[in-house]
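Visitor: I would like to see how this sequence folds:
(2 chains)
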Amino acid sequence: MWSYFANPHKFLRLSDWLAPLFYALSAVCIFYGLWQGLWVVPKDEYQGGDIMRVMFVHVPAAWLAMASYSALAIASFVWFVWRHELADIAAKAIAPLGATWTALCLATGSIWGKPTWGTWWQWDDPRMMSVLFLFFLFLGYMALRAAMDTRQKAARAGAILAMVGAINVPLIKFSVDLFTSLHQDASVITADGPKMAAVYLTPLLISALGHSLLFGGLVMTSMRTEIRERRIARLRARELEAF
Amino acid sequence: MSAAPILAAFRQSLGEAWAGGAGALLPLGFLGGAAVLVPLGIGSDGDTLKAVGPGIIWVALALASLVTLERIFQADAEDGTLDLWLQAGAPVSAIAAAKTLAHWLSAGLPLALFSPLLALMFQAEASLALLSHVALYALGSLAFFFWGGVGAALSATVRRGGLLISLIALPLFVPTAIFGAIAMSGGPGSSGAPLFLAASTLFACAVAPYAMAAALRLAAD
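Guide: Numbers count the residues shown, from 1 in each chain, chains lettered A, B, ... in the order given. Have a look, this model is predicted:
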């Protein structure tokens, strides 16, 4: 299966129509989520009144922060084991985008936290801390890649670090959970189904889908750029050889 | 496979640490200097110092591991020793672990042994608890050195890799710092936390050598 996806030509053909489709669908979903969130759904006084509307950006960003690090770890693993170049190109594309959504999650969380809990930042909150450390993992990954002098070295070093980070994430999460929390408990995914009222849940899920599609589209575009850049470098080198 | 290259790497690392003349005194000086800055920065109020003391010592330990780790693999990569280690016929992960362990013995353990003195300077009560804290600091700093070693191995070929090591290793230090702080807080959960601290250190000792080995093979290419 990996070998099928590892072919850059097939990827270029696939992403040629899939990326624009992702963009179009994500625009529909995100604007639907924003419209519902800002104008349609009733405000929830328990969650701080109108400020809870930031949830329609905050929760998708939190989901993407975790999903993008998982994607980075999986891409790194695939590259490390099978050495499929496309996996490394994907990992390189995912890192800055994942870091952006993680930063978005932290920023919207702070904006939501100030009026509801009276603080921008709560050090003993497990989820804030986990996301912050996730952000640092992304930064370290990007800094390490940037410091390596060749593409191959950057790929290898990055893959090792992403995998070491990934096996540490559960431990970091667990240690941070030991701290007490004033954050509300997880309410979307619980053992007995979602507890959130459907009027909030449906736009929230659609918004999360929209952000995920946008993320996927941007990753594909970024990968296409990288493939083209490599091809240009190769063509330039060939030109110089002929010279 | 033989154990000789592993022992040689261990002895070489210990030797390097003492060859500079100052040996373990240099990291101790760093720890003391960093800790002395704290009362100057936050004021000399006894209760405040007592509250932040253990945390400051944890931070100073983490920093001490970071500043001393930069050269442990870099020097080997530069002078060709690393290529010899890779051809020695012993597992690279074992050699990396031996080097890290030797480095911890010369730059980590002395700091942990020194910690009761610092704790007293931070107005802690002189009691047997300070001695049990030595064990916690020693255990925690071992995890710092192993995760820091991964960063050091990854940036072995990077010039001025010290800052990079910090950025890479700091998220990996989190569990140790949290378990250590909870264990010393005396609050809820402090009786189980030393076990978690030991478990996370064992995890570091089990996983980090393989990551270091993969990174060192990269550095030798």
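Visitor: tell me the residues of chain B that contact chain A?
Guide: By CB under 8 Å from any CB of the partner chain, the part of chain B that sits against chain A consists of B:150, B:154-155, B:157-158, B:161, B:164, B:167-168, B:170-172, B:174-175, B:178-179, B:182, B:189, B:193, B:196, B:200, B:203, B:207-208, B:211, B:214-215, B:218, B:221. No exception for glycine: its C-beta is placed from N, CA and C like everyone else's.
Visitor: model confidence for residue 170, exactly?
Guide: Answering for chain A, as no chain was given. At residue A:170, the model reports a pLDDT of 82.
Visitor: you looked at the wrong chain, it should be chain B
Guide: 88.
Visitor: related to what we said a few turns ago, can I have the buried ones of the residues of chain B next to chain A as a PyMOL selection?
Guide: In PyMOL, a selection of the buried entries from these looks like this (16 or more other CB atoms under 10 Å in any protein chain shown):
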select buried, chain B and resi 150+154+155+157+158+161+164+167+168+170+171+172+174+175+178+179+182+193+196+200+203+207+208+211+214+215+218
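Visitor: can you tell me which residues contact residue A:197?
Guide: Residues counted as contacts of residue A:197 (CB atoms under 8 Å, 6 or more residues apart in numbering or on different chains): none.
Visitor: please repeat the previous calculation with a cut-off of 10 Å.
Guide: Residues near residue A:197 by CB atoms under 10 Å, 6 or more residues apart in numbering or on different chains: A:41-42, A:44.
Visitor: now do residue A:115
Guide: Shown in contact with residue A:115 (CB under 10 Å, 6+ apart): A:48-52.
Visitor: which of those residues fall within strands?
Guide: For the contacts of residue A:115, not one is inside strands, with DSSP state E as the criterion.
Visitor: wait, which of those residues is closest to chain B?
Guide: Nearest to chain B among the contacts of residue A:115: residue A:48, at 28.5 Å, using CB to the nearest CB.
Visitor: which pLDDT value goes with the closest one?
Guide: Confidence at residue A:48, expressed as pLDDT, is 68.
Visitor: please apply the same query to residue B:1.
Guide: The model's pLDDT for residue B:1 equals 62.
Visitor: first to last residue in stretch B:118-133, what's the distance?
Guide: Stretch B:118-133 has an end-to-end distance of 12 Å (CA to CA, to the nearest Å).
Visitor: one more: stretch A:76-91?
Guide: Start and end residues of stretch A:76-91 are separated by 6 Å (CA to CA).
Visitor: can you tell if that stretch touches chain B?
Guide: Yes. Using CB under 10 Å from any CB of the partner chain, stretch A:76-91 reaches chain B at residue A:80.
Visitor: in chain B, what residue is nearest chain A?
Guide: Per CB to the nearest CB, residue B:175 is where chain B lies closest to chain A, at 3.8 Å.
Visitor: any idea which residue sits dead centre in chain B?
Guide: Most central in chain B under CA atoms, centre = their mean is residue B:145, positioned 3.2 Å from the mean C-alpha point.
Visitor: name the element that residue belongs to?
Guide: Using DSSP states H and E, residue B:145 sits in helix B:129-154.
Visitor: repeat that for residue B:59.
Guide: Residue B:59 is part of helix B:46-79, with elements assigned from DSSP H and E.
Visitor: how far off centre is the next helix or strand after that helix?
Guide: On the C-terminal side of helix B:46-79, the nearest following helix or strand under DSSP H and E is helix B:81-87. Remark: helix B:81-87 is offset 24 Å from the chain centroid, using CA atoms, centre = their mean, to the nearest Å.
Visitor: any low-confidence regions in the chain?
Guide: The chain I'm using is chain A. Confidence mapping of chain A against pLDDT under 70 gives the ranges A:1-3, A:45-48, A:124-126, A:178-196.
Visitor: my bad, chain B
Guide: Filtered on pLDDT under 70, chain B yields the residue ranges B:1, B:20-23, B:187-189.
Visitor: quick one: the residue in chain A positioned nearest to chain B from residue B:145, how far?
Guide: Of all residues in chain A, residue A:175 sits closest to chain B, at 3.8 Å by CB to the nearest CB. To residue B:145, residue A:175 is 18 Å away according to CB to CB, to the nearest Å.
Visitor: got the phi and psi for the most far-flung residue of chain B relative to its centre?
Guide: The centre of chain B is farthest from one residue, residue B:45, which by CA atoms, centre = their mean lies 29.7 Å away. Main-chain dihedrals, residue B:45, degrees, to the nearest 10: phi -60, psi 130.
Visitor: report the buried residues of the helix or strand harbouring residue A:27.
Guide: In this structure, residue A:27 sits in helix A:8-35 according to DSSP H and E. Neighbour-count burial for helix A:8-35, counted by 16+ other CB under 10 Å, picks out A:8, A:11, A:15, A:19, A:22-23, A:25-26, A:29-30, A:32-34.
Visitor: what residues of the helix holding residue B:145 count as buried?
Guide: B:130, B:133-134, B:136-154.
Visitor: and if you look at stretch A:227-238?
Guide: Under the neighbour-count criterion of 16+ other CB under 10 Å, stretch A:227-238 has residue A:227 buried.
Visitor: chain center to it, what's the gap?
Guide: On the basis of CA atoms, centre = their mean, stretch A:227-238 sits 29 Å off its chain's mean C-alpha point.
Visitor: residues contacting that stretch, please?
Guide: Contacts to stretch A:227-238, defined as CB under 10 Å, 6+ apart, come from residues A:8-9, A:11-12, A:15, A:85-86, A:89, A:151.
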